[in-house]
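1. next comes the sequence, and after it the predicted model I'd like to discuss.
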Amino acid sequence: MDQFLLYCALATTLLPLAGALIAGLLGSRLGRVTTHRIVVSLVGLAFFISCYLFKVIVLDGHAVVDDTIYTWATAGLLRLDVAFLIDRLSVTMAVIVLFISFMVHIYTIGYMADDPGYTRFFSYVSLFTFSMLILVFADNFLLMFFGWEGVGLVSYLLIGFWFDRDSANMGSLKAFIVNRIGDVGFILAIAAVLMHFGSLTYHSVFHQVPLVMHETISILPHWQVAVVPLIALLLFIGAMGKSAQVPLHVWLPESMEGPTPISALIHAATMVTAGIYMVARMSPIFEYAPNVLSLILMIGGTTAFFMGLLAITQNDIKRVIAYSTISQLGYMAVALGASAYDAAIFHLITHAFFKALLFLCAGSVIIAMHHEQDMRKMGGLMHYLPITYFTFMFGSLALCAIPPFSGFYSKDIIIEAAKLSQLPGATYAYYCVLAGAFITPVYTFRALFMTFHTNERMPADLRKHLHEPSWTILIPLILLAVPSIVAGEMLINAMIFARQTFLGDTIFVLPAHNILPELLKHYHGPKLMALEAGKNLPFWLAIAGIVTAWFFTTAYPQSSVWLKKRFSLIYTILINKYGFDEFNQKVIVNGTRKAGQFFYTVTDIKMIDGIFVNGSGHLIRWVAQISKRLQTGYLYHYALAMILGILFVLAWFVWGL
């Protein structure tokens, strides 16, 4: 049975790869229709196989399968294996990744119908799915890093898919470079793990963590650092890059330059969730690094609050949702820092549903508006796009944590977890995510009101052609709307409060950090939790946020102009995104250019060319000039030189005696 499950996991991973190769190599010959039928069918088959794995591993309670497919290399006692870990966490993630990917593949048929790069896009999306599945199923650090780099590479290709646009090229480069910063931390962590544990396999490393708790490593002379916290910190730096935590968040809004289907896939279930998944997977390491957990709490809280504020000032419908993604990733990071790893994965799952839904709804609006993304040029679309409107509404209510929508359960658990955590920085994180409960509805319903309500601001000739897009676009919206409504209520018991949760012992939490039992004391079931939402502050903050959005966008839109003038300094700071982009451009980019110019001028031209290359030639020429003058051809000059030489030798002997 174990071998069969391994083959199932391998098939789940390789089917999207097969689709990518078919679309990439044979797409032009097969044609669009045949290509998308093959690729979508392969991804759909992979999804159904992952559902079977979920049933066997999670629902039926089959033992963990950890087996080697083949050995890539050996070095002494070190084995570098291509091996899969099929457990509750990896299977749960695989189902979510493949469900969202399946919906995106179907959606792509309609969204990219008129694009000349149709088959190329399908190839990239399937390859992206394959890379994420490798990351998820890996049983060792090296194979995870392979998938990690794979999603980074394909995201570069997808964000810059429309490579004839300068903005797309710049966005893809920005994403690639910023992620390389995080990847440096990850690869240094892998090196430290290999150095101190002698293995890269999760099982072997995790069992040794308590044994190396007191080991240190010398970073600088006379500066010793504990090994386990250092590894945890380096791992989190990698997670900050992929999961867009401050200050490595700047690439995520730029990913909006890619087509909307890939925005949904990147932001909902693949690349940005890789960092959250990695930290949850490495919980046996992070639990022994409480200072790093405190840092995660503070960075997560900062990301959740301050990135949410930026979404309020955006007018591009996709960028509003992009900044929302960064904010929600901050919530997940707070849960990780509070050692509520189950809650982080729970919110990852619910967020995947409603965030993919919101992005795909935004894509539906963009198609109807002939690729217009500025909400100031929309309005009143609820009359033209009723299905898109209602599905966007469901996704918005889930994002804003309104009961009984799915986001209500997962976000409230995270807020309570931050409140109960005793780690330093937890109080700060709690107030950040609590404030986020108000900010999220403000920017979400501002987007909804500006797009679907208020006065129609589009050109008159465009209104005549406004209508719902094709069913290949609407079907994924409807299918994603269902879990956005019911997933939270259905999963909260199994994910958080069951004696044997979905994730089981794949998550490790020290007793001193375990706050979920305290949450259980106040929990009496999902229905009662929804009914008693009115007793909790986050619910009323969410309602206040919706009312605020209605007031400034629908009831008294002119008041927003007064607000911008009254608080012009704050508005300028938000418009400039806290100066991160300017700092990166002026200090990092321009600083690197100036440093390169300096080293080129001083090192290359003056030192290497001027001293070593040209200087050696000048020295030889100078010596030759001197030597040439000594060769006069007169006998008395040579006689004088001989006499002086004899006198010098005699003087030296006399002086020596």
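-> That came in fine, so what should we check first? Numbering: from 1, shown residues only.

2. low-confidence stretches in the stretch 501-650 of the chain?
-> 630, 636 (pLDDT under 70).

3. could you pull out the helices for it?
-> 516-520, 526-531, 537-550, 558-566, 568-575, 580-583, 590-599, 614-630, 635-656 (DSSP state H, counting those that start in this stretch).

4. what's the answer for the stretch 101-250 of the chain, then?
-> Under DSSP H, counting those that start in this stretch, the stretch 101-250 of the chain gives helices at 118-137, 141-159, 166-197, 202-208, 227-242.

5. reformat the ones you listed as CSV; add mean neighbour count, mean pLDDT and distance to Thr313.
-> Yep, even glycine has a C-beta here, placed from its N, CA and C like the rest. Listed next are the helices of the stretch 101-250 of the chain as CSV, based on neighbours: other C-beta atoms under 10 Å; pLDDT from 0 to 100; distance: least, C-beta to C-beta, whole Å:
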stretch, mean neighbour count, mean pLDDT, distance to Thr313
helix 118-137, 26, 93, 30
helix 141-159, 22, 91, 23
helix 166-197, 18, 89, 19
helix 202-208, 16, 91, 42
helix 227-242, 24, 93, 24
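
6. and these: which comes nearest Phe612?
-> helix 166-197 (31.9 Å; C-beta to C-beta).

7. got the angle between the closest one and helix 141-159?
-> 180 degrees (axes from the mean of the first three to the mean of the last three C-alpha atoms, to 10 degrees).

8. how far off helix 227-242 does helix 166-197 point, in degrees?
-> Using the same axes, to 10 degrees, helix 166-197 lies at 170 degrees relative to helix 227-242.

9. helix 166-197 - contacts with which helices or strands?
-> Secondary-structure packing of helix 166-197 (3 or more C-beta pairs under 8 Å, 6 or more residues apart in numbering; DSSP states H and E): helix 141-159, helix 202-208, strand 216-220, helix 227-242, helix 251-254.

10. any chance of those in CSV, with distance to Leu17 too?
-> Shown next, in CSV, are those (distance: least, C-beta to C-beta, whole Å):
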stretch, distance to Leu17
helix 141-159, 10
helix 202-208, 23
strand 216-220, 38
helix 227-242, 21
helix 251-254, 25
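
11. out of the ones you listed, nearest to Gly534?
-> Here helix 251-254 is closest among the helices and strands packed on helix 166-197 (C-beta to C-beta), at 34.3 Å.

12. what's the first helix or strand after that closest one?
-> Going down the chain from helix 251-254, the next helix or strand is helix 260-268, by DSSP states H and E.

13. so which of the helices of the stretch 501-650 of the chain is the most packed in?
-> A comparison of those by mean neighbour count, using mean count of other C-beta atoms under 10 Å, puts helix 537-550 on top with a mean of 18.

14. tell me if I'm right that Ser126 and Gly27 touch.
-> No - here Ser126 lies out of contact with Gly27, judged by C-beta atoms under 8 Å, at a distance of 11.0 Å.

15. and the longest strand seen in the chain, how far from the chain's centre?
-> Determined from DSSP state E, the single longest strand within the chain is strand 65-75. On the basis of C-alpha atoms, centre = their mean, to the nearest Å, strand 65-75 sits 28 Å off its chain's mean C-alpha point.

16. do the same with stretch 80-91
-> Distance, centroid of stretch 80-91 to centroid of chain: 21 Å (C-alpha atoms, centre = their mean).

17. same question, stretch 259-278
-> Using C-alpha atoms, centre = their mean, the offset of stretch 259-278 from its chain centre is 7 Å.

18. ok, Tyr600 - how many residues close by?
-> 11 (other C-beta atoms under 10 Å).

19. please renumber the chain so that the first residue is 711 from this point on.
-> Done: numbering now begins at 711, and the last item shifts to Tyr1310.

20. and the helices in the stretch 1011-1160 of the chain?
-> With DSSP H, counting those that start in this stretch as the criterion, the stretch 1011-1160 of the chain has helices spanning 1027-1047, 1051-1078, 1096-1109, 1116-1130, 1136-1162.

21. could the ones you listed go into TSV alongside distance to Val805, mean neighbour count and mean pLDDT?
-> Formatted as TSV, the helices of the stretch 1011-1160 of the chain follow (distance: least, C-beta to C-beta, whole Å; neighbours: other C-beta atoms under 10 Å; pLDDT from 0 to 100):
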stretch	distance to Val805	mean neighbour count	mean pLDDT
helix 1027-1047	18	29	93
helix 1051-1078	9	28	92
helix 1096-1109	19	23	94
helix 1116-1130	15	26	92
helix 1136-1162	26	24	94
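
22. out of the ones you listed, which gets nearest to Val814?
-> That would be helix 1051-1078 among the helices of the stretch 1011-1160 of the chain, by C-beta to C-beta, at 7.3 Å.

23. next, the angle helix 1136-1162 makes with that closest one.
-> 20 degrees.

24. run the chain-centre distance for helix 1051-1078.
-> For helix 1051-1078, the distance to the chain centre is 14 Å (C-alpha atoms, centre = their mean).

25. from the contact counts, what lies against it?
-> By 3+ C-beta pairs under 8 Å, 6+ apart, helix 1051-1078 packs against helix 798-821, helix 970-978, helix 981-991, helix 1027-1047, helix 1096-1109, helix 1116-1130, helix 1181-1202.

26. and the angle for it with helix 1096-1109?
-> Using the same axes, to 10 degrees, helix 1051-1078 lies at 150 degrees relative to helix 1096-1109.

27. which stretch among the helices of the stretch 1011-1160 of the chain comes nearest Thr911?
-> helix 1051-1078 (20.5 Å).

28. nearest to Ala984, out of the helices and strands packed on helix 876-907?
-> Nearest to Ala984, of these and by C-beta to C-beta, is helix 937-952 at 4.5 Å.

29. next, the angle helix 828-847 makes with that closest one.
-> 160 degrees.

30. circling back to that earlier point, TSV for the helices of the stretch 1011-1160 of the chain, including distance to Val956?
-> Below are the helices of the stretch 1011-1160 of the chain laid out as TSV (distance: least, C-beta to C-beta, whole Å):
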stretch	distance to Val956
helix 1027-1047	8
helix 1051-1078	17
helix 1096-1109	20
helix 1116-1130	17
helix 1136-1162	11
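
31. quick one: which of those helices is nearest Ala1305?
-> helix 1027-1047 (29.8 Å).

32. so how far is the closest one from its chain's centroid?
-> On C-alpha atoms, centre = their mean, the centre of helix 1027-1047 falls 10 Å from the chain's centre.

33. got it, and stretch 957-975?
-> Worked out by C-alpha atoms, centre = their mean, stretch 957-975 lies 9 Å from the chain centre.

34. one step back: and of the helices and strands packed on helix 1051-1078, who's closest to Gly862?
-> Among these, helix 981-991 sits nearest to Gly862 (C-beta to C-beta), with 7.5 Å.

35. wait, which of the helices of the stretch 1011-1160 of the chain is closest to Ser914?
-> Of all those, helix 1051-1078 comes closest under C-beta to C-beta, at 20.8 Å.

36. now the closest one against helix 1027-1047, angle please.
-> Using the same axes, to 10 degrees: helix 1051-1078 against helix 1027-1047 is 180 degrees.

37. quick one: helix 1051-1078 to helix 798-821, angle?
-> 0 degrees.

38. circling back: with distance to Leu921 added, can I get the helices of the stretch 1211-1360 of the chain in a markdown table?
-> Shown next, in a markdown table, are those (distance: least, C-beta to C-beta, whole Å):
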| stretch | distance to Leu921 |
| --- | --- |
| helix 1226-1230 | 27 |
| helix 1236-1241 | 41 |
| helix 1247-1260 | 42 |
| helix 1268-1276 | 58 |
| helix 1278-1285 | 49 |
| helix 1290-1293 | 41 |
| helix 1300-1309 | 42 |
| helix 1324-1340 | 57 |
| helix 1345-1366 | 69 |
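
39. out of those, which is closest to Leu962?
-> helix 1290-1293 (11.6 Å).
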